[in-house]
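**Q** Need a 3D model of the sequence below.
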Amino acid sequence: MWPLDAELGEGPCWVDDRLWFVDILGQRIHCLEPDSGHTKSWPAPGRVSFVLPAEAGRFVVGLPGSLHRFDPSNGSFSLLVRFEADFPHNRTNDACVAPDGALWFGTLDQRETHPSGHLYRWDGVASAPAARDQGYVISNGPAFSPEGDILYHTDTLQRTVYAFDVGRGGLLSRKRAHIQVEDGAGWPDGTTVDAAGCLWIALWNGGAVRRYSSTGILLGEMCLPCARVTKVAFGGAGLQTLFVTTARTGLVAGEIARAPLSGGVFRIPVEVPGLPQARLRF
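**A** Prediction:
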């Protein structure tokens, strides 16, 4: 669909008939209008890990140790809040907006060795995000059930997707292992949920996207022509297109030659639609 050659394409979201996503290592924000094929990109001031919609046509983005407001009309970034000053090797990673308009995001250790990553909630008002869980080397894939009462969050290196009950004010309880991806299938990366409550999980080094039921049963798998699949999002007419970001970071020349579309963005028609993209309220 878009052979972008992103180093680390991530964080797709569908906003106003456009697909938005980032290249973390390329430090860029990208926008695609699938119907016209028009594209636009903006440089970011660091490793930008997500771009999610807020009010008045603006977006919130994650940068190492901080959240910023991004205005695509002029490409400007303005600081919203800083955090994790005690974890200089961390950066933000995957994120989503909850049905109540709060931002949920995780952090990871860029050395991929220390469990210094956290899961945070930010309501757009507090002076700092509130940590809701911790102990992750690589946190990934926050996503909510259609009713907003269950949060799914991924520990990539443990190949485990956890489920939490969500209470008043975003308090989490009853953490339990919901999906365990087997050895050899890849590493669970970005996640989204469809209108039936099923989870779609991108598999890093697995070359596929999987769909699991709300009870954690594997329902199907879609293979892609590249190994490093990073995240999925629903968009298009009726939210019945699955958009998939991928990466080419760490691949050697021979691997890229065998999978030249690595780093591109793909789209796959699906029968069950996704959920509308929520906007951060602040």
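**Q** who's sitting farthest from the centroid in the protein?
**A** Ranking residues of the chain by C-alpha distance from their mean position (CA atoms, centre = their mean) puts residue 254 at the top, at 28.1 Å.
**Q** So that one belongs to a helix, correct?
**A** Yes - the assignment for residue 254 by DSSP: H, G, I helix; E, B strand; the rest coil puts it in a helix.
**Q** per-residue confidence for it?
**A** Here, the pLDDT recorded for residue 254 equals 93.
**Q** now the one 5 residues further on
**A** Per-residue pLDDT puts residue 259 at 94.
**Q** quick one: it and residue 227 touch, right?
**A** Yes - with contacts defined as CB atoms under 8 Å, residue 259 counts as touching residue 227 at a distance of 6.5 Å. C-beta coordinates here come from the backbone N, C-alpha and C atoms, glycine included.
**Q** anything in contact with each of the two?
**A** Both residue 259 and residue 227 are in contact with residue 251, where contact means CB atoms under 8 Å, 6 or more residues apart in numbering.
**Q** quick one, helices of the stretch 151-282 of the chain?
**A** With DSSP state H, counting those that start in this stretch, the ranges of helices along the stretch 151-282 of the chain come out as 253-258.
**Q** May I ask which helix or strand of the chain has the lowest mean pLDDT?
**A** Each helix and strand of the chain was given a mean pLDDT (mean pLDDT, DSSP states H and E); the minimum falls on helix 253-258 at a mean of 93.
**Q** Look at residue 196 and say how many residues are nearby.
**A** 14 (other CB atoms under 10 Å).
**Q** and if you look at residue 45?
**A** 11.
**Q** Name the nearest residue to it, sequence neighbours excluded.
**A** Leaving aside its sequence neighbours, residue 45 sits nearest to residue 77 (CB to CB, 6 or more residues apart in numbering; 5.8 Å).
**Q** Provide the partner residues of the one you found in its beta bridges.
**A** Applying DSSP bridges to residue 77 gives these bridge partners: residue 70.
**Q** now residue 176
**A** Applying DSSP bridges, one finds that residue 176 bridges with residue 163.
**Q** can you give me the strands in the stretch 101-250 of the chain?
**A** For the stretch 101-250 of the chain, the strands defined by DSSP state E, counting those that start in this stretch cover 103-109, 117-122, 130-136, 139-144, 150-155, 160-166, 172-180, 187-193, 199-204, 208-212, 218-223, 229-235, 241-246.
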